[in-house]
Structure formats: C-alpha cells, structure tokens
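Chemist: I would like the atomic coordinates for the input below:
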Amino acid sequence: MQSQANPQSIALAWNAAAKDLGIQFISPFEIATPAGKEAYIGLVPFFGRPYGTLIAAAEFASGRLKVSDPPDHPGYFCSFLADSYELYDRKLFVATLNDWGWYSEQTPPSWYTGKQDA
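Modeler: Numbering: from 1, shown residues only. Next up is the predicted model:
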C-alpha cells in the first residue's frame with residue numbers, strides 16, 4: 001500500500017508558517033529542466049541552499065520513504081515532507097528551518113538560531 005502526504009495541506013501549513021514566522025513561501029513552484037517543467041508544492045527562499053528549498057510531498061511504500069530520481073537542481077535543496085507537515089506546528093517548522101540553514105546575506109528572522117536539534 002502506497003500513501004503520500006497531502007500536498008494541498010502541506011502548502012496551507014507553509015503559508016501559515018510564512019505568515020507567522022515572517023518568511024517567504026512561493027506556491028506552487030516550477031523549475032524548467034531539459035526534460036520539461038517540474039512542479040513542486042512550493043519554494044522556501046533563503047533556506048537550505050542559496051536559491052532555497054523545494055518542497056515535495058513524501059511518498060511511502062510499505063512504511064518506507066520512496067524517492068525515485070531525487071531532483072538535481074544546483075542552488076536548490078529539496079525536502080520530501082511527511083504528513084507531519086500537513087498542519088502548522090511552530091516548533092516543528094522552526095526546527096526544520098534551523099536544520100536547513102539560512103543562505104542569504106540578508107538578516108535572518110529573529111527566531112532563527114541555526115542550531116540543529118539533536
């Protein structure tokens with residue numbers, strides 16, 4: 001049995017995070033590739049890599065994460081998010097953003113520590 005986190009719910013949760021945390025979230029987001037356009041739930045600029053983090057829904061098969069052909073887009077990080085990101089939880093999202101890291105010369109948000117939870 002395969003299941004996938006709900007992309008619409010993840011987008012709504014990241015929109016809530018953007019509003020609460022004072023960050024940008026662009027949804028939907030597409031990247032042009034030689035094979036055509038690739039669509040993502042969204043992009044979180046300044047976190048993860050210089051161009052930001054691409055958000056995708058994780059697919060699970062037999063309880064294990066299934067990733068076929070992870071994207072290779074220089075300057076971007078891609079995160080496959082599980083259903084725990086379908087509802088906005090400030091603590092989880094702040095921990096995630098701190099884990100991804102800040103990649104901008106602009107001043108990071110006041111809550112950003114850059115410390116990864118162990």
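Chemist: Same question for the residue nearest to Y103 when sequence neighbours are not counted, what's its three-state structure.
Modeler: In space, and not counting its chain neighbours, Y103 is closest to P50: 5.0 Å by Cβ to Cβ, 6 or more residues apart in numbering. In this view, the C-beta of every residue, glycine as well, is placed from N, C-alpha and C. Classification of P50 using DSSP: H, G, I helix; E, B strand; the rest coil returns coil.
Chemist: Could you give the separation of the longest helix seen in the chain from the chain centroid?
Modeler: As assigned by DSSP state H, the longest helix anywhere in the chain is helix 7-21. Its chain's average C-alpha position is 10 Å from that of helix 7-21, according to Cα atoms, centre = their mean, to the nearest Å.
Chemist: what's the distance between the spatially most central residue of the chain and E30?
Modeler: With distances taken as Cα atoms, centre = their mean, I55 lies nearest the centre of the chain, 3.5 Å away. Using Cβ to Cβ, to the nearest Å, we find I55 at a distance of 13 Å from E30.
Chemist: residues of the longest helix of the chain that come out buried?
Modeler: 7, 9-11, 13-14, 16-18, 21 (16 or more other Cβ atoms under 10 Å).
Chemist: cool, and stretch 20-35?
Modeler: 21, 23, 25, 27, 29.
Chemist: ok, for the third one, nearest residue in space, not its chain neighbours?
Modeler: Same thing as F25. A18 (3.9 Å).
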